[in-house]
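Peer 1: with the input below, show me the fold.
(chains A and B)
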Amino acid sequence: MKTNETTSVRVRIAPSPTGFLHVGTARAALFNFLFARRHGGTFIVRIEDTDAQRSEKRFEDNIIEGFTWLGLTWDEGPDVGGPYGPYRQSERKDLYRTHLKLLLERDLAYHCFCTKEELEAQKNYMLANGIPPKYSGVCAGLGKDEVARRIADGALSVIRFRATAKKLAFGDGVKGKIEVDTELIGDFTIAKSVDEPLYNFTAAIDDELMRISHVIRGEDHISNTPKQILIQEALGFHTPHYAHLPLILGPDKSKLSKRHGAASILEYRDDGYLPEALANFLAFLGWHPGGEKEFYSLLELISQFDIAHVNKSNAVFNIQKLDWFNAHYIRQKSDDELCALCLPYLQKAGMIDASTDREKVKKIVALEKERLKKLSDIVPLSSFFFALPEYASEILVWKKSDAATTAKSLAASCAALEALDAPQFTEEAVKDALGAVASEFGNGAAYWPVRVALSGMEASPGPVEIAEVLGKDETIKRIRAGITRLNMI
RNA sequence: GGCGCCAUCGUCUAUCGGCUAGGACACCGCCCUUUCAAGGCGGUAAGACGGGUUCGACUCCCGUUGGCGCUACCA
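Peer 2: Below you'll find the model as predicted:
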């Protein structure tokens, strides 16, 4: 796709607020955003809410919130306005009505009175007889008077566009040249009535009126493109450059959808994924800047983005890779930032409240930082700090040790730690105290039981770090409980 | 069924005619190490198939097969 400096780049993401912001739309938005910013163009958000039955404001809000969370910014949209508004199709009815009437007057479109049942029957007949199914055209030749009479009689109708049969080809920025025979399309519907326009029609009108230069969208829209081009030609509109992105697939290789898991991008946020991780991951689904660098900030993505390098084939959404990106970005956070990010999860789990010592929480988060794949992992990983979990006494014994030795080493550790004055219960002091025990019993026989007694878990941060966070009293208490347990084995 | 799009490790990908096919995730092993994680090192693993074109094809062309998408009075 050529992007010379003289034609300004204007791209749009046109979500339909009939559901929460899903991954596919978010990725398409990201690519449009990247493309616009890369070329100093304009990024527009246009809400396609022509389907009044299915559109809901809460979905629009969810979509806008999702884009914002991802780090995207737009220049024109329903919330920020712009010179080509309004940016909600439901608020552009008059524009569509004008063009619809124009099409009707010029006989480029016509009223169709066929009922859904009739249409269904026609379709089944054609299918059964091996004929490519398309509108039969029974209403295509109705005279003006006949149409007026039927409408006056209250007959229900839809508006169909007269699709001229021809070989149509358009260049695609990703796929190359795409050719279709519009003969196979047939006269398609563009409105339920002059006040109820349908998707292919409104998209063609708005892309013209909003001066859209490039349409970047999922390849599930390839079959809509010739319809939109036909409408553009009938109305004397320009045809924007098209670029159809490969689809994002679920593990089963079918188009990613709600049934594959997260229904909304915001669910990823709530689950503890970082926007920079998701953006990095999503950008790499179907595109790659070349080279072996893996981590790209949004700014770096912008500077490298080239739509010519977008893949043609679909990509499977690999949650493990997302986790890896996320873990990386979590580790990049400062302790303060990460603590602030983890706080909501800890609070929600009831593990901390306003009275909890913030410095203690920060130490805990810092300790678990490199173990977090998602922010929400902080809850199961750190709960033992706040309340010792129930655990099997047997796990106190290190694999290369025995109960008797473990009891002795735990008692020694306990004594060594008790000898420390509470104010001097520093990481340094604890380390020296336990180090002395370790030099007598060996690292494994000394550290393992202390760590298990303190955490109640077979896997956790080291005993010195935990003890320092817990403080002398709690540390001694937990170790004594461990010793008691050992004596009962 | 019709039409369209696509085809490199299990997954995301590099390669734009010269490849001993590179990287990443995941997986396995080793190191580090009380455990886990992180980190370091190493390993298993790919050009769907068949024809062309060419000195030379993963790269170009054709066919086959397979996958996906679309086929609404949804978008």
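Peer 1: report the beta-bridge partners for residue A:315.
Peer 2: Beta bridges link residue A:315 to residue A:248 when assigned by DSSP bridges.
Peer 1: pLDDT at it, what is it?
Peer 2: On pLDDT, residue A:315 comes in at 96.
Peer 1: for it, give me its contacts.
Peer 2: A:246-249, A:285-286 (CB atoms under 8 Å, 6 or more residues apart in numbering). The way it works is simple: take the backbone N, C-alpha and C, and place the C-beta from them, glycine included.
Peer 1: I'd like these written out as a markdown table, with neighbour count, pLDDT and distance to residue A:477 added.
Peer 2: Formatted as a markdown table, the contacts of residue A:315 follow (neighbours: other CB atoms under 10 Å; pLDDT from 0 to 100; distance: CB to CB, whole Å):
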| residue | neighbour count | pLDDT | distance to residue A:477 |
| --- | --- | --- | --- |
| A:246 | 19 | 97 | 58 |
| A:247 | 18 | 96 | 57 |
| A:248 | 23 | 96 | 51 |
| A:249 | 19 | 95 | 53 |
| A:285 | 26 | 95 | 50 |
| A:286 | 21 | 93 | 55 |
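Peer 1: which ones among those residues also lie next to RNA strand B?
Peer 2: A:246-247, A:249, A:285-286 (CB under 7 Å from any atom of the strand).
Peer 1: and which of those residues is nearest RNA strand B?
Peer 2: residue A:286 (4.0 Å; CB to the nearest atom of the strand).
Peer 1: what pLDDT, on average, does the strand or helix carrying residue A:378 get?
Peer 2: Per DSSP states H and E: residue A:378 is located in helix A:378-386. In this model, helix A:378-386 has an average pLDDT of 97.
Peer 1: packing partners for that helix?
Peer 2: helix A:335-348, helix A:358-368, helix A:463-470 (3 or more CB pairs under 8 Å, 6 or more residues apart in numbering; DSSP states H and E).
Peer 1: buried ones in that helix?
Peer 2: A:378-379, A:381-385 (16 or more other CB atoms under 10 Å).
Peer 1: quick check, nearest of these to RNA strand B?
Peer 2: When the buried residues of helix A:378-386 are compared against RNA strand B (criterion: CB to the nearest atom of the strand), the nearest one is residue A:381, at 8.8 Å.
Peer 1: so who does the closest one touch?
Peer 2: So residue A:381 contacts A:368, A:371-372 (CB under 8 Å, 6+ apart).
Peer 1: about what we covered before: does any part of the helix holding residue A:378 sit near RNA strand B?
Peer 2: No - using CB under 7 Å from any atom of the strand, helix A:378-386 never reaches RNA strand B; the gap is at least 8.8 Å.
Peer 1: distance from the strand or helix carrying residue A:177 to the middle of the chain?
Peer 2: Assigned by DSSP H and E, residue A:177 belongs to strand A:176-181. Its chain's average C-alpha position is 31 Å from that of strand A:176-181, according to CA atoms, centre = their mean, to the nearest Å.
Peer 1: most widely separated two among the buried residues of helix A:378-386?
Peer 2: A:378 and A:384 (12.0 Å; CB to CB).
Peer 1: how many residues are close by the closest residue to residue A:34 other than its chain neighbours?
Peer 2: In this structure, residue A:34 finds its nearest non-sequential neighbour in residue A:305, 4.2 Å apart by CB to CB, 6 or more residues apart in numbering. Neighbour count of residue A:305, defined by other CB atoms under 10 Å: 22.
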